[in-house]
Structure formats: C-alpha cells, structure tokens
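Q: Here's a sequence, model it:
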Amino acid sequence: MNGDRVSFQLRLPVEAHAKLRVIAKRELRSKNAEIEYIISRYIEQYEREQGELTMEEMEAFLYEEN
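A: Sure thing, here's the model as predicted:
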C-alpha cells in the first residue's frame, strides 16, 4: 500500500471486466487508472447533486473495512 492510497480487491462480472479493459486501452490508461478516473467522475457528479461530502462524514469510514 502506498502512503495516500488504499488497496482492495474488486470483483467484476466477466463482461464488465472485458469492457473496462477495452475502454482503458482506448483511453491510454491502465485498468487501475481507468477505475480511479471513473470513480472520481462519479464522486464529482454525486457531490454536485447531493452536496460536498465533509471530512466529518468520512472520518468514521477512513479505516473501516467494507
């Protein structure tokens, strides 16, 4: 694990994994970088719609498994 990164296992349906590989290749990213990009875009969209998540809201979950 890197200092500011968290490592975890991700299970995907075979078709979703294949599509992710194609998209990542087309975007010249690794699968990991593509997943990071997708998640960051989702978080931005969520916060635009629901409001920014605060540190207080996140603190309880920072080191919790799940």
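Q: going forward, measure contacts between C-alpha atoms and count neighbours the same way
A: Will do.
Q: which residue ranges form the strands in the chain?
A: Applying DSSP state E to the chain gives no strands.
Q: where in it is pLDDT low?
A: 1-2, 63-66 (pLDDT under 70).
Q: for it, which helix is longest?
A: helix 31-50 (DSSP state H).
Q: tell me what that helix is packed against?
A: Applying 3 or more CA pairs under 8 Å, 6 or more residues apart in numbering; DSSP states H and E, we find helix 31-50 packed against helix 14-26.
Q: what angle separates the helix it packs on from helix 31-50?
A: Here helix 14-26 points in a direction 100 degrees away from that of helix 31-50 (axes from the mean of the first three to the mean of the last three CA atoms, to 10 degrees).
Q: Could I get the buried residue list for helix 14-26?
A: Neighbour-count burial for helix 14-26 flags Leu20, Arg21, Ala24 (criterion: 16 or more other CA atoms under 10 Å).
Q: about what we covered before: buried set for the longest helix of the chain?
A: Buried residues in helix 31-50, counted by 16+ other CA under 10 Å: Lys31, Glu34.
Q: Contacts for that helix, please.
A: For helix 31-50, the surrounding residues in contact (CA atoms under 8 Å, 6 or more residues apart in numbering) are Leu20, Arg21, Ile23, Ala24, Leu53.
Q: Relative to Gln9, how far out is the nearest residue to the first one once chain neighbours are set aside?
A: In space, and not counting its chain neighbours, Leu20 is closest to Lys31: 6.8 Å by CA to CA, 6 or more residues apart in numbering. As judged by CA to CA, to the nearest Å, Lys31 and Gln9 stand 13 Å apart.
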